[in-house]
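*Asks:* Dropping the sequence and predicted coords here.
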Amino acid sequence: MSDEYVEGNFLGLPEPGDRVDVVVLPLPYELTTSYGQGTADGPAACLAASGQVELFDEHLGADLPAGSSIHTEQAWSGEGPTLRSQLDELGTHLAPWCSGDVFPLALGGEHGILPPFIWALQNHPLIDGDLGRLTVVQIDAHADLRSELDGEVYSHACAASRSLDLGIGRLLQVGVRAYSKEEAERIEDDDRITTFFAKQTQSQNTGADAWQRWLEVLSDLSGPVHLTIDIDGLDASLVPATGTPVPGGLAFWQAVETIETVFGAKNATVISADLNEIATNDHSPVTEFTAAMLAAKTMAGHLKARAEGRWSATCEERGKVRTGPACDYFSKTDSPSQP
């Protein structure tokens, strides 16, 4: 916890000057939840809980922010009258922070924030309009590969499918244990998708071997990477308030090891990240505290990569007041094509 605590800022950290190294982007988006609700309140709850997170990270070997400037942006506020118009607003909101001079870390909100984040990344200098260069690493209980849910192609249950439609080159998933026959077939048939099911990695008999293979795949990553963490990928005991908690998920330290390994990949550059499906209840703060600790670990992973030369700014510093390209992709694309 910071000695100079600033309420509403991630980790309570003060923000001296206009310089930004890491931006925390609260995205209280919730329009397609299919079971439990409350993810619209998740980012604020995560920020509040983060004020109680210890600043020292043993992997980084320093207290956050470790000499860097962390900016907590004002929460996004959707005003569009339709789901697609709000997705466009999210893309427009995210795009100025995907220019390559800062590391953007978004807090959601439902997993529907992922496709507009991917859209915004297309102008990142390491992407340069070709999302085929991008690998998405996904921690999740659900595959999110449905073509639609309840008639909605932009449901949170379709976030990974829509990201593939946008043209990402590779999708690596871990923790998946709740999925449909359609999704199982997509995983089998689409060469861009590699899924490590929780049944494999959490097995008492063979889980250690499967987990080691997962870490090896991450260590061998190359090129730009986006990390998306749906916190229901962790076991439900750690995130009881998330929208669809599922038993049998990752242990907390497996999530930490995944984050550290992704950022430690020698030939990869993690250019952005999001944590999503954060929710709250009146009985326990464990969900938002778990999310805050994983967000802090993600930030520490980036700062370690920055210090060790696996991340460097690819454009001039732009400060806190930004503009970027306006998004109209989602309003124009009502029915994405399916492979």
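*Replies:* Yes, it's here. Numbers count the residues shown, from 1 in each chain.
*Asks:* Count the residues that sit near V20.
*Replies:* V20 is surrounded by 22 other residues when neighbours are defined as other CB atoms under 10 Å. For glycine as for every other residue, the C-beta is placed from the backbone atoms N, C-alpha and C.
*Asks:* Now do the SS call for the residue nearest to it when sequence neighbours are not counted.
*Replies:* Nearest residue to V20 in three dimensions, chain neighbours excluded: H71, at 4.4 Å (CB to CB, 6 or more residues apart in numbering). With DSSP: H, G, I helix; E, B strand; the rest coil as the basis, the three-state label of H71 is strand.
*Asks:* Is H71 bridged to anything, and to what?
*Replies:* With DSSP bridges as the criterion, the beta-bridge partners of H71 are V23.
*Asks:* Over to S272?
*Replies:* Beta-bridge partners recorded for S272 (DSSP bridges): H226.
*Asks:* In the longest helix that the chain contains, which residues are buried?
*Replies:* The residue-count maximum for a helix in the chain (DSSP state H) belongs to helix 286-307. Within helix 286-307, the residues that count as buried by 16 or more other CB atoms under 10 Å are 287-306.
*Asks:* residue ranges of the helices in the stretch 201-339 of the chain, please?
*Replies:* Across the stretch 201-339 of the chain, reading from the start of the chain, the helices by DSSP state H, counting those that start in this stretch fall at 207-219, 252-264, 286-307, 329-332.
*Asks:* and of those, who's closest to D232?
*Replies:* Between D232 and the helices of the stretch 201-339 of the chain, the shortest gap by CB to CB is with helix 286-307, which sits at 9.7 Å.
*Asks:* ok, the residue nearest to the spatial centre of the chain - contacts?
*Replies:* With the centre of the chain defined as its mean C-alpha position, the nearest residue by CA atoms, centre = their mean is D274, 2.1 Å away. Contacts of D274 were listed using CB atoms under 8 Å, 6 or more residues apart in numbering, and they are L27, L105, A106, L107, G108, I113, L114, F117, H226, L227, T228, I229.
*Asks:* ok, L166 - contacts?
*Replies:* For L166, the set of contacting residues under the criterion of CB under 8 Å, 6+ apart consists of P115, I118, W119, Q122, L131.
*Asks:* ranking these by neighbours, who comes first?
*Replies:* I118 (28 neighbours).
*Asks:* Sketch out the low-pLDDT regions of the stretch 101-250 of the chain for me.
*Replies:* Judged against pLDDT under 70, the stretch 101-250 of the chain has no low-scoring part.
*Asks:* Look up phi and psi at the spatially most distant residue from the centre of the chain.
*Replies:* Here the chain reaches farthest from its C-alpha mean at N205, the gap being 30.3 Å by CA atoms, centre = their mean. Comment: the main-chain dihedrals of N205 come out as phi -90, psi -50, following degrees, to the nearest 10.
*Asks:* so how far is D235 from it?
*Replies:* When distance is defined by CB to CB, to the nearest Å, N205 is 18 Å away from D235.
*Asks:* before we move on, what about G324?
*Replies:* Distance of G324 to D235, computed by CB to CB: 38 Å.
*Asks:* and the residue nearest to Y29 when sequence neighbours are not counted, what does it touch?
*Replies:* In space, and not counting its chain neighbours, Y29 is closest to G109: 4.0 Å by CB to CB, 6+ apart. Listed by CB under 8 Å, 6+ apart, the contact set of G109 reads P26, L27, P28, Y29, E30, T39, A40, G42, P43, N276, E277, I278.
*Asks:* As a check, name the ranges of all strands in the stretch 51-200 of the chain.
*Replies:* For the stretch 51-200 of the chain, strands defined by DSSP state E, counting those that start in this stretch occupy the ranges 56-57, 62-63, 70-72, 103-108, 135-139, 170-176, 193-197.
*Asks:* CSV for those, including mean neighbour count?
*Replies:* Below are the strands of the stretch 51-200 of the chain laid out as CSV (neighbours: other CB atoms under 10 Å):
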stretch, mean neighbour count
strand 56-57, 16
strand 62-63, 15
strand 70-72, 21
strand 103-108, 27
strand 135-139, 25
strand 170-176, 25
strand 193-197, 18
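*Asks:* of all these, which lies closest to A241?
*Replies:* For the strands of the stretch 51-200 of the chain, distance to A241 was read as CB to CB. The smallest value, 13.9 Å, belongs to strand 103-108.
*Asks:* Quickly run through the sheet partners of that closest one, with directions.
*Replies:* Sheet partners assigned to strand 103-108 using DSSP bridges are listed as strand 22-27 (parallel), strand 267-276 (parallel).
*Asks:* what comes into contact with that strand?
*Replies:* Outside strand 103-108, the residues within contact range by CB under 8 Å, 6+ apart are 21-29, 39, 42-43, 46-47, 94, 97-98, 113, 117, 270-278, 291, 295, 298-299, 302, 306, 311.
*Asks:* Sweet, I'm off.
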